[in-house]
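Asks: Requesting a structural model of the entry that follows:
(4 chains)
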There are 2 protein chains.
Amino acid sequence: MATADPARPGFALPLLLLAGFRTLIDDLHTELAREGHPELRPLHGFVLQAVGADGTTATELGQRLGISKQAAGKTVDRLVAVGYLERVDDPSDARRRLIRVTPRGADGLRRSAEIFDRLRAQWADTLGPERVTALEDDLRAMASANWFRLDVPGWFGG
Amino acid sequence: MATADPARPGFALPLLLLAGFRTLIDDLHTELAREGHPELRPLHGFVLQAVGADGTTATELGQRLGISKQAAGKTVDRLVAVGYLERVDDPSDARRRLIRVTPRGADGLRRSAEIFDRLRAQWADTLGPERVTALEDDLRAMASANWFRLDVPGWFGG
DNA sequence: TAAGATAGTCAACGTGGTTGACGAAATAGT
DNA sequence: ACTATTTCGTCAACCACGTTGACTATCTTA
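Replies: Got it, this is the predicted structure:
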């Protein structure tokens, strides 16, 4: 195991952030699979979240996620294929195809949120609530506004 | 921009960890490109690090990175093509092809470490050194031993 | 009404993964 | 010493997720 060189302290920080993220995401999907959503991949929760309760279009989804409309369309294809999203024609504009979260998609989203809440509670049990809050505050202060930018192949993979 | 629902506090944590990681990695590669390494992709630094000063083989590299030997071999191909790694025959075992970091690879690795150190120093300037240390300690306590496991398509993409 | 902008899709491609199959070379067992 | 097994590297096919460019159909605007 190639650990970070202690003489180069900077290396640990990105690795720890990645490891923390991965731990959370891995735990989420282990639990999600157990709760009946084994097809949901790490990316999908973010996409469902970005589609939102009101639905959206492929172009707008791409903008929200910071990816091309083509990439957004392909991801929607996959989520439609597994039943988490649906496409419906927009009666007011024949070019547009509205993307909507299905009941199954909403169930996955709700469970994801609940599981994340439980995982955060676990962190609070181990570290203490104030340290989890401090961690979030510090990251909020340092992390740029990359929140929902997924313009990178496979950030969430699995 | 779809921000996390405040009623679901758990959602913010993974997003913040990802955003923090991405910020660091993006800053690293912006600076690396400026210093003469525009071909270095996010994944590559981790791979160079995993190859190490003594060199390794594709199979062992795959084990270190938690990916298949085939995937490791393909990544090595790319790094060989851009001059960061080289392959040499192992005189003691004709099946093996030793993978070694080239001088250019070593330069990239050294610069990455320096840049990460500077970025960590920036975090310390903003948050205070003790909060950066606390953040690392907390993450060390929570993150499982996923350190160098990259068994996910494109975690570092770009 | 003609011209331009916008929505969605198709195709080709790049990167980073996977599994299965295979030949060549090393090692172990008798 | 010879056979059987394991190991190393590679090839091929495939998948997930991204890109750009080109194109049609439709809506909007001048």
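
Asks: how about the helices in chain A?
Replies: Remark: helices assigned in chain A by DSSP state H are A:12-34, A:42-51, A:58-65, A:69-81, A:103-127, A:129-142.

Asks: so of these, which one's packed in deepest?
Replies: helix A:42-51 (a mean of 23; mean count of other Cβ atoms under 10 Å in any protein chain shown). C-betas here are computed from N, CA, C, even on glycine.

Asks: now for that one, which elements pack on it?
Replies: Applying 3 or more Cβ pairs under 8 Å, 6 or more residues apart in numbering or on different chains; DSSP states H and E, we find helix A:42-51 packed against helix A:12-34, helix A:58-65, helix A:69-81, strand A:97-101, helix A:103-127.

Asks: Of all the helices of chain A, which one comes closest to B:D26?
Replies: Set against B:D26 and scored by Cβ to Cβ, the helices of chain A come closest in helix A:12-34, at 10.7 Å.

Asks: For chain B, tell me whether the closest one is touching it.
Replies: Yes: using Cβ under 8 Å from any Cβ of the partner chain, helix A:12-34 reaches chain B at A:12-26, A:28.

Asks: Show me what that helix is packed up against.
Replies: helix A:42-51, helix A:103-127, helix B:12-34, helix B:103-127, helix B:129-142.

Asks: Specify the angle between the last one and helix A:103-127 in degrees.
Replies: Computed with axes from the mean of the first three to the mean of the last three Cα atoms, to 10 degrees, the direction of helix B:129-142 lies at 120 degrees from that of helix A:103-127.

Asks: Next, the angle helix A:12-34 makes with helix B:129-142.
Replies: 40 degrees.

Asks: counting contacts, what elements does helix B:129-142 pack onto?
Replies: Applying 3+ Cβ pairs under 8 Å, 6+ apart, we find helix B:129-142 packed against helix A:12-34, helix A:103-127, helix A:129-142, helix B:103-127.

Asks: Tell me which of those helices lies nearest to DNA strand D.
Replies: Among those, the nearest to DNA strand D by Cβ to the nearest atom of the strand is helix A:12-34 (11.1 Å).

Asks: Between the two ends of stretch A:62-70, what distance do you get?
Replies: Using Cα to Cα, to the nearest Å, the end-to-end distance of stretch A:62-70 comes to 8 Å.

Asks: Okay, the residue nearest the centre of chain A and A:T23: tell me how far apart.
Replies: Taking Cα atoms, centre = their mean, the centroid of chain A lies closest to A:F46, which sits 3.1 Å from it. The gap separating A:F46 from A:T23 is 17 Å, by Cβ to Cβ, to the nearest Å.
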